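J.: What follows is a predicted structure for the sequence shown.
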Amino acid sequence: MDTDFSLLKASQRVEHLQKRVARLKGLAKKYKRSEIIQNALLGISNIATQVTSLDDFYQRVHLHLQQLIPAENFFIASKDAETGLTSLPFFADQQDSHPSELYPDQEISTLLNAGLTGYVLRHGVPLLCDDNKFEELIASGEIKSLGSPSHQWLGVPIKSQDVISGVLVVQSYNPANTYGELELELMGFICHHISGVMERLEHHEQLEQAIVERTKELSKAYDKVKIEVKERVKAEELQKALFEIADLSASKVFQQDFYLRLHRIISQLIPANNCFISLIDDDNMLSFPFYVSQRTTEYPASRPMQDGLTEYILQHKLPQLWSAKEIAKMVAMGEVYAKSPSLNKTQKMHQWIGIPLMINGDIGGALTIYSLDDEHIYQLKDLELLTFVSQHIANAIERKQAVESLKNSYELLEDKVIARTHALAELNNNLQQEINQRRKIEAQLVHDAQHDGLTGLPNRCFLMDRLSQALKHFRRHGLDQFSLLFIDLDRFKVINDSFGHLEGDRFLIETAKRLKSCIRENDTLARMGGDEFVILLDSINATEDAKDVSERILHALSMPYQLAEQNFISGASIGIAFSGHNKMITSESILRDADAAMYQAKANGKGCYVIFDDKLSLQTKQQYDLEIDFKKALDRQAFEIYLVEVVDFSNGEIIAIEPQIEWHHPEQGKIEHAKMKHLAAQYQLTLDLDGYIFSYLQNQYQSLKQQYSKDVSLHLSISSQHIKNKFVLRNLKNTIKSSNINVNKLMLFFNEKALVQDTENHINGFELISQLGVNIGIDGYGTGYSSLSCLSFLPIKALKLDNDISKHLLNEKQLQLVKAYQLTANTLNFDMYATTVDTQQQVRQFLELGYARGQGRAISKLFTENNISTNHALNQLNING
C-alpha cells in the first residue's frame, strides 16, 4: 500500500518535473527568439545609419527579415509625392515573377493600386489579410485578384511626416507559416526605419545636388572673374598705352625717336616685329618715316602712289586682316601689284594687317603689321584693338606734324614780327581814331534817340525818364513838389496851310527858343510831337511858381512871329498838373492830367492856362463813362445813320449819297459825325464803326436805289486801318465781295494825311481794292500833306476837300489856293468835291472857283427843302450876290 503510494507520488513528481522542463524549454526558446529579434532589429537600426542608398538598405533588410519571419514574397512599393505614381524599388518573390513581366501591357502603378498594396496606400493602415479577408475585399470591389494566391498577406504603410510614401509587404504561401501581432509590430518598426532612411537619403541627395549646383555656379563665377580680370588687365594695358601715346605727342623728341617709342608702345599690346608707318605728302608721294623688319634693316625709299597693299588700304579706307592665301588670291586677281610687281614682297608673309590713319580730317597714311610665321596668329580682336589705338596714333602724328609746322611757322613769324609791328602801331593809331569817331557817333545816336530832330529839345522818351526820376524823388521826399505843363500851340495848322511846312518848322524852332527862355536850367522842356510841348518844373515851392511860368510862356508866345515876311500872331493853351499828395501817381497819369487840363484851356478859348483839379478829374471820369456808353451803344446798334447828298452844281442832280452817323446821348445830347469818328479813333473802334455804316448801306441798298435812282453812287469814308495789314485788308475785300452793293457804284474815300504817313501800304491796298471794281478817292484833301507826284500814280478817281477849307475862304490867297486844288483835279482828270458847304455864300464862292460838285447843309436846303430847280437856284445865288 505504501509502496503504491510512493510510486504514485514519484510518478506525480516526475510529471511535474517534465512540465517544468517543458516550460523551461519554451522559455528558453522564447528568450532565444527574443534575442534573435533584438539582434535583427539592432542590425536593421545599424543598417539604417550606415547605408548610402535605398537599394542597399532594402537588400540588407530583406536578409535580416528572413531570420525573423517567413517572407517567401517580400517587396516595397514607393509612391511619388509629385506625380502620384507607385513603383517597386525592391521585389523578391519565390513563386511569382516581377509584375512587369507578368503583366507587360499594364503600368506598374496601375497594377499596384488595384491590389492589396493600393488598398493600404489609400487607407493608410496596416493590413493582415488571409483568404477570407481577401475574398471579402474582392467581393466589395476594393481590390482585384493579382498574382498567385497566398496563405497570408501583411502590408504596413510607410509614413513620412504623416504622409504615406509607400508600403512594406510580406506574403506567405505555406499554411504553416502564419503572421501575428509580433510580425505586425516588427514590420511597423522596419517601416519606421525605412521612412527615416528615405528622408535621410533624400536630404543627402538634395544636399549633394545643391553642392553640385553651387560648385557649378562658383566655377562659372570664377571663370567670369578670370575673364573680367583678364579684360581689366588688357584695359589697363590699353589705357597705359594711350596715355603714353598722348605724352609722346606732347613731347619734344626727334622724329626718329618719336616713331621708335610709338613702336614700343604698340609692341606692348600686340606682337609687332614687322611694322612700318607710311604717310602721304603734299605731292601725293608715299614716304616711310618708320620701318622695322625681321628680313631687312633698310628703309624703303619714298615712291609715288601705286597699287600695293598699302595703297589698297589707303584707297578703300578700311582696316584689313589678310592671310597669305588671301593676299595670293588678290595678287592673282590683279587687285594688287598688277602694275608694280617689283613691289610685291608678300611671298613669305603669314599674315598682314593694314589700318588707315585719319590725319587732319582725311586719310593721310597707314599703320602696317605683318608676320612671317605662325608663332603668333593675329585675330579679329587684334585688328579691332589696333584700329582703336591707330586713332590715337594718328592724333599723335597729327600733333607732331603740327608742332613741326608750328616751329617752322614760328621761325617765319619772327621774321615778320618786326615788319608788322610798325604796321600795327600805325593801325592802332587809325583804330584809336576810329574808336573815338565811333564813340562820338554812338553819343550822337543816343542824343538823337532822346531828342527832337527839329528843335533839339528832349523828346517824349527823355521826358518820361526824367518824369520817372522826379516821381521816385517825390516818393522819398514828399515835401519836394514838381509840376507838369502841357503846351499846345494855337493856329499851327493855319501856318502850315498858309505859309508851308518850311515856315511851320521855323515857327516851331522859334517857339522852342521862347519856351526855353521862360524856365530854369534844372527844368526840362520837351517836344512831344507836332505842336505839343511839355515842361517839367522840378522842385517848386508852391503852385504860384507854375502859374508864373505859365504867364511868362503865354506872354512870350503872344509876341508876333516873322513868317514869310509877314507878322503872325499865335498863342498857346497850357494845362498844369501838380505832384500833389497822391503817392500813387504815375508818369502816365500826371501826363494825362496835364493833357486833360490843356484841352480844357483850349475849350475855354485858348491863350490861357488851366490847373488840373477835381472838376477836371470829374470831366476825365465823364470821358471814361462816355467811352463805356459808346461801346454799349455800338453793341446795341443805337447809332443813327443819315444821308448827305452830293449834288451836281450844274443841274442840281443828286449824283451820290454819303452815309454819316450820329448819336443821341441821353446826357450830352446829339453827337455829330465828325466827333463820332474822333471818338471811335480814340477808343480804337474805327473798324467797328466803319462796319456799322457799311452794314447799314448793305441792308438799305435796294430801298436807297428806289428812293434816289439805280445810278446813284455811294460815297463811304473809311479808315486807313483797313489796309494796315494783310489780315484786315483781306477782311475788307471779303466784306465787299459778299455784299449786294454794286461795286461799280461804290467809292471808298481814304484820308490824305494817313496816305502820306503810310504811302506804301496805301499803294498796295488801293491796287487790291481797285481790282474788285471799287472806285477809290481821297478825302481831307488840301491839308498840304500829299504831293501831285504822289497822286499821279495812284488808282484814285476823286478828291474831296478837307472840311475846314470852306471855313477859311477869307482872303485872296486862300481863294487862289482852293482854286489851285480844283485845277489840279482837272489836270489829273479827278472829280473834285467841295465839302461842308454850310452857307449860300460858300456855294457862290465854290461856283466862282470852278467847283461843280459838293455837299453840305446849304446845298441840301437850297436844292431839296425849297424844291426849286437848279437853274433857278443858281440864278437866286447870282441875284443875291
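T.: Cool, the structure landed. Residues are numbered from 1 along each chain as shown.

J.: Using PDB, list the CA coordinates for stretch 334-345.
T.: Provided in PDB are the C-alpha atoms of stretch 334-345 (Å, rounded to 0.1, in the frame of the first residue of the first chain):
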ATOM      1  CA  GLY A 334      45.200  91.600-110.200                       C
ATOM      2  CA  GLU A 335      43.800  93.700-107.400                       C
ATOM      3  CA  VAL A 336      47.300  94.500-106.100                       C
ATOM      4  CA  TYR A 337      50.800  94.500-107.600                       C
ATOM      5  CA  ALA A 338      49.400  94.200-111.200                       C
ATOM      6  CA  LYS A 339      51.100  97.400-112.300                       C
ATOM      7  CA  SER A 340      54.100  97.200-109.900                       C
ATOM      8  CA  PRO A 341      55.100  93.500-109.400                       C
ATOM      9  CA  SER A 342      58.500  94.600-108.200                       C
ATOM     10  CA  LEU A 343      57.000  95.900-105.000                       C
ATOM     11  CA  ASN A 344      55.500  92.500-104.200                       C
ATOM     12  CA  LYS A 345      57.400  91.200-101.100                       C
END
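
J.: got the buried residues for it?
T.: Across stretch 334-345, burial judged by 16 or more other C-beta atoms under 10 Å covers 336, 337, 343. Glycine gets a C-beta too; all of them are placed from N, C-alpha and C.

J.: how far out from the middle of the chain is that stretch?
T.: 58 Å (C-alpha atoms, centre = their mean, to the nearest Å).

J.: same deal with stretch 476-496?
T.: Centre to centre, stretch against its chain (C-alpha atoms, centre = their mean), the figure for stretch 476-496 is 52 Å.

J.: Mean confidence (pLDDT) on that stretch, please.
T.: For stretch 476-496, mean pLDDT is 83.

J.: Equivalent analysis for stretch 699-710, please.
T.: 89.

J.: Quick check: which of the buried residues of stretch 334-345 has the minimum pLDDT.
T.: residue 343 (83).

J.: ok, and the closest non-adjacent residue to it?
T.: residue 308 (4.9 Å; C-beta to C-beta, 6 or more residues apart in numbering).

J.: Near that neighbour, how many residues? Count them for me, please.
T.: Residue 308: 20 surrounding residues under other C-beta atoms under 10 Å.

J.: And residue 285, by the same measure?
T.: 12.

J.: quick one on the thing from earlier: got a list of what the residue nearest to residue 343 touches?
T.: 336, 337, 340, 343, 344 (C-beta atoms under 8 Å, 6 or more residues apart in numbering).

J.: related to what we said a few turns ago, dump the buried residues of stretch 334-345 into CSV; add distance to residue 524 as well.
T.: Below are the buried residues of stretch 334-345 laid out as CSV (distance: C-beta to C-beta, whole Å):
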residue, distance to residue 524
336, 90
337, 93
343, 91
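
J.: how is this structure carved up into domains?
T.: 1-36, 51-207, 251-410, 451-611, 641-880 (automatic domain parsing).

J.: With respect to residue 240, which of the ones you listed lies nearest?
T.: Residue 240 lies closest, by C-beta to C-beta, to one member of the domains of the chain: domain 251-410, at 7.8 Å.

J.: that's a helix at residue 276, yeah?
T.: No: under DSSP: H, G, I helix; E, B strand; the rest coil, residue 276 sits outside any helix and is assigned strand.

J.: Identify the bridge partners of it.
T.: Applying DSSP bridges to residue 276 yields these beta-bridge partners: residue 291, residue 368.

J.: Test my guess that it contacts residue 287.
T.: No: here residue 276 does not reach residue 287: they are 10.7 Å apart, not a contact under C-beta atoms under 8 Å.
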